[in-house]
Each structure stands twice: as C-alpha cells, then as structure tokens.
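Novice: Generate coordinates for the sequence data below:
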Amino acid sequence: MTENAGERILLIESQYFAPIDVYKTLVQNDVLCLERYEHYQKVSYRNRCYIAGPNGRITLSVPLSKGKNQRTVMKDVRISNEERWQSLHWKTLVSAYRRSPWFEYFEADLETLYSKPFDFLLDWNIACLEWVNRQIGLTIPVTFTNEFQKEVTASGVTDARDTILPLPASTGEPTYTQVFQERIGFIPNLSILDLLFCEGKQSLKILS
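Specialist: Numbering: from 1, shown residues only. Presented below is the predicted three-dimensional model:
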C-alpha cells in the first residue's frame, strides 16, 4: 500500500454493492484501498448484499465455485456461473424497487451491468463499486493492496477490514424514506442501492 502525506486512506475488503455504513465511512476519506490478498471470509458483504422487500430484508448472494467455506485468496475467488444468479438478482431488484422514485432513472444502465459476465468475485465487486460511484458523483481514487498485512500502522490509514459485518445490523436512525417503510418500518444499513433508488442524486449529500 502506498501513502501520500496528509491523505486519509480507507483500507477495507471489497463488497457486493456495499452497505450504507461503508459509504458513510468512505466519504470521509481521500483514497480507497481494497484488500485483495486476504483469504475469503464467509458471513460478510464480500459476496452478498441486502435490500428491502415488502416482507423485510432480502439477501442477494453471489454463488462461488468452491462454496462459502473456501480459504482462497480474495483475488482468486471465482464465481459459479452455472446458476443464473445475475438474472435472478436483477429480477429481485426490479420487483423490490420498481416503485421507488429513482429506479427507472438507473434501470437501463444497471441492467447492462447485470448482463455482463464475470469470472472473479473481486472483478464483479469492483464493477459494482465503480458503477455506484459514478451514479452518486463520488470521485475517489481506488487502489489495491500488494500483499496481506495483518496489522497496518501506516499514518493516515483507517483499517476497516472486517469491521462492518451483516450481523448485528446497524441501529442508525432513518435518514431517508424507504419503499416499504410504512409497512415494515425502516431497515438500517441496507445496500447502497437502496439509498440510491430512494434518493437518487441526493445520496451523496445524505452520506456526507
């Protein structure tokens, strides 16, 4: 990992359409450094994200070729494309958010992303990150680790690896209105997609 004096660097694992808590941390930094030499960890956001459905939280999980219990270096983790997971995830997103204020605005571009084949989980996660950053107007340089370091003591680096996990969920107060909030209440710390579809171009302002 390289560092420049005065820069605030966030070191974190890559995630599938990361949760809002990650973006709240990200906007407070100058550079994002993604860990690619760690071993894959299950029960994390690396291959799953959570969205709001009419009956509560819905899990979208990317299937992996060696399953969730593998001990593979993250950059080498392969997606199992035998299942039509992209098509399933896309249909679930359409069903959950077609009535949201901003879904139609992003629909065509996001559907294109879900139509592109990916072999490696890291590549898919990076594509998701880059897509969201473009939509919300977040211009932050993205770098990658060159080796795994258990402890990082470099000045200006916030090591947030494995600190934001699916359980327990965040207990943050509502800062925006969700699609099914009147029916099921506010669900905190969902995927950044939930905020994007509900608030659109105001997302970055809400995160800051």
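Novice: residues in contact with residue 14?
Specialist: 34, 35, 36, 46, 74, 121, 122, 125, 126, 129 (Cβ atoms under 8 Å, 6 or more residues apart in numbering). For the C-beta atoms, the positions are set from N, CA and C on the backbone; glycine is no exception.
Novice: backbone phi and psi for the third one, please?
Specialist: The one in question is residue 36. phi -120, psi 0 (degrees, to the nearest 10).
Novice: Next: the second one.
Specialist: Listed backbone geometry of residue 35 is phi -80, psi 120, with angles given as degrees, to the nearest 10.
Novice: Tell me which entries of the contacts of residue 14 lie within helices.
Specialist: Members of the contacts of residue 14 lying in helices (criterion: DSSP state H): 121, 122, 125, 126, 129.
Novice: any idea how far the last one lies from residue 135?
Specialist: So the one you mean is residue 129. 11 Å (Cβ to Cβ, to the nearest Å).
Novice: ok, the two, which is more surrounded?
Specialist: Between residue 129 and residue 135, counted using other Cβ atoms under 10 Å, the more crowded position is residue 129 (24 against 20).
Novice: so what pLDDT did residue 172 get?
Specialist: If you check residue 172, the pLDDT there is 66.
Novice: Just flag the most distant two among the contacts of residue 14.
Specialist: Greatest spacing in the contacts of residue 14, by Cβ to Cβ: 74 and 129 (14.0 Å).
Novice: Return the residues in contact with the closest residue to residue 106 other than its chain neighbours.
Specialist: Among residues not flanking residue 106 along the chain, residue 135 sits closest, at 6.3 Å (Cβ to Cβ, 6 or more residues apart in numbering). Residue 135 is in contact with 106, 109, 196, 203, counting by Cβ under 8 Å, 6+ apart.
Novice: Assign residue 135 to helix, strand or coil.
Specialist: helix (DSSP: H, G, I helix; E, B strand; the rest coil).
Novice: tell me what the helix or strand of the chain at the bottom of the mean pLDDT ranking is packed against?
Specialist: Sorting the helices and strands of the chain by mean pLDDT, DSSP states H and E puts strand 157-159 at the bottom, at a mean of 91. Contacts defined by 3 or more Cβ pairs under 8 Å, 6 or more residues apart in numbering; DSSP states H and E place strand 157-159 against strand 9-13.
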